[in-house]
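[1] could you look at this predicted model? Sequence included:
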Amino acid sequence: VDHTFDARPELHVRSTICSSSSLPLSPPPTTMASAAARAFLSGAAKASPVSYVEKRVLRTSPMHLLDIISDVDSYSQFLPQCTHSQILRRSNCGTMFDATLTVGLPPLSEEYVSRVKVDTEAMTVEARSIRSSLFDSLKSRWKLRPVPASREQQKQLRRGVNSLSDATSSSLNSKTEDDEHCDVEFEVEIKASNPLIVGTLDKLLEEVAGKQVTAFEKRCLQISPSKRAKR
């Protein structure tokens with residue numbers, strides 16, 4: 001398997017999994033500005049982790065959600081607080097890529113680069129930061145599992161239709177009882193040396209993670225699997 005990166009725009013997420021240890025690409029160099037910012041914000045404090053796990057059953061198939069999660073270029077179109085998203089380079093094996101995102105967690109705003117690994121067999125998507133000025137590390141992990149929808153789950157999901165847009169509600173109402181559902185675990189862990197940043201994240205991370213999962217669910221309902229396949 002060829003583990004080198006190229007600049008091709010296509011993302012083939014169903015290829016053989018790459019080994020991150022075999023990737024020849026080094027993390028992008030830290031600029032003097034970002035190094036100075038981290039030194040100013042962190043001082044001599046020890047990095048403290050803040051983590052949260054959001055668990056939910058979503059009304060979409062695991063593979064469709066996996067495709068939406070892998071479409072990082074589109075994040076800025078639907079994710080709250082995400083103002084820019086772009087895939088920078090991809091491995092030739094197609095299952096790993098580096099991407100830059102700019103996110104705002106008021107009063108914080110950060111542009112960082114992450115390395116993302118997509119595993120279609122395990123149905124997981126893992127990301128870890130390889131360049132960040134505010135955070136010592138930022139990790140996220142999606143774990144997806146198919147689940148049959150019970151009648152009670154269907155009732156609960158339908159009760160949530162009123163909180164969605166008209167287009168999303170129409171999409172939900174058009175589904176049948178045999179539709180696929182997906183059990184989701186979305187785990188986020190952020191390490192920062194600055195106690196002010198840690199305190200802010202501790203208050204906001206649960207809310208932000210919940211909003212992100214909701215945004216991905218809406219995106220899955222708005223874009224059919226057939227439309228994603230044609231891209």
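    Everything's here; your move. These numbers were taken from a predicted model, which means no experiment stands behind them. Residues are numbered from 1 along each chain as shown.
[2] only C-alpha atoms from now on, for both contacts and neighbour counts.
    Fine.
[3] which residues of this structure score low on pLDDT?
    The chain contains residues with pLDDT under 70 at 1-45, 105-106, 149-178, 226-231.
[4] wait, isn't residue 98 in contact with residue 117?
    No. Using C-alpha atoms under 8 Å, residue 98 is not in contact with residue 117; the gap is 9.1 Å.
[5] could I get the full set of strands for this structure?
    5-6, 48-58, 82-91, 96-105, 108-119, 124-131, 137-147, 181-192 (DSSP state E).
[6] what residues are bridge-paired with residue 98?
    Residue 98 has these beta-bridge partners by DSSP bridges: residue 89, residue 115.
[7] and it, how far is that from residue 205?
    23 Å (C-alpha to C-alpha, to the nearest Å).
[8] next one: residue 221
    From residue 221 to residue 205 the distance is 25 Å (C-alpha to C-alpha).
[9] same thing with residue 54?
    10 Å.
[10] ok, now which ones touch the nearest residue to residue 57 once chain neighbours are set aside?
    The shortest distance from residue 57 to any non-neighbouring residue, by C-alpha to C-alpha, 6 or more residues apart in numbering, is to residue 183 (4.5 Å). Each residue near residue 183 by C-alpha atoms under 8 Å, 6 or more residues apart in numbering is listed here: 55-58, 62, 144-147.
[11] now swap in residue 54 and tell me
    Counting by C-alpha under 8 Å, 6+ apart, residue 54 has contacts 184-187, 206, 209-210, 213.
[12] quick check: the two most widely separated of the residues you listed?
    184 and 206 (15.2 Å; C-alpha to C-alpha).
[13] of the two, which one has the most company?
    Taking neighbours as other C-alpha atoms under 10 Å, residue 184 and residue 206 compare with residue 184 leading, 22 against 15.
[14] need the contact list for the more buried one.
    Counting by C-alpha under 8 Å, 6+ apart, the residues that residue 184 touches are 54-58, 142-145.
[15] hey, what's the nearest residue to residue 74 once chain neighbours are set aside bridged with?
    Distances taken as C-alpha to C-alpha, 6+ apart put residue 85 closest to residue 74, at 6.9 Å, once the chain neighbours are dropped. Under DSSP bridges, the beta-bridge partners of residue 85 are residue 101.
[16] may I ask you to confirm that residue 85 is in contact with residue 70?
    No. With contact defined as C-alpha under 8 Å, residue 85 does not reach residue 70; the gap is 11.8 Å.
[17] got the phi/psi numbers for residue 123?
    Dihedral angles of residue 123 (phi, psi; degrees, to the nearest 10) stand at phi 60, psi 50.
[18] excluding chain neighbours, what is closest to it?
    Counting by C-alpha to C-alpha, 6+ apart, the residue nearest residue 123 is residue 144, at 5.4 Å.
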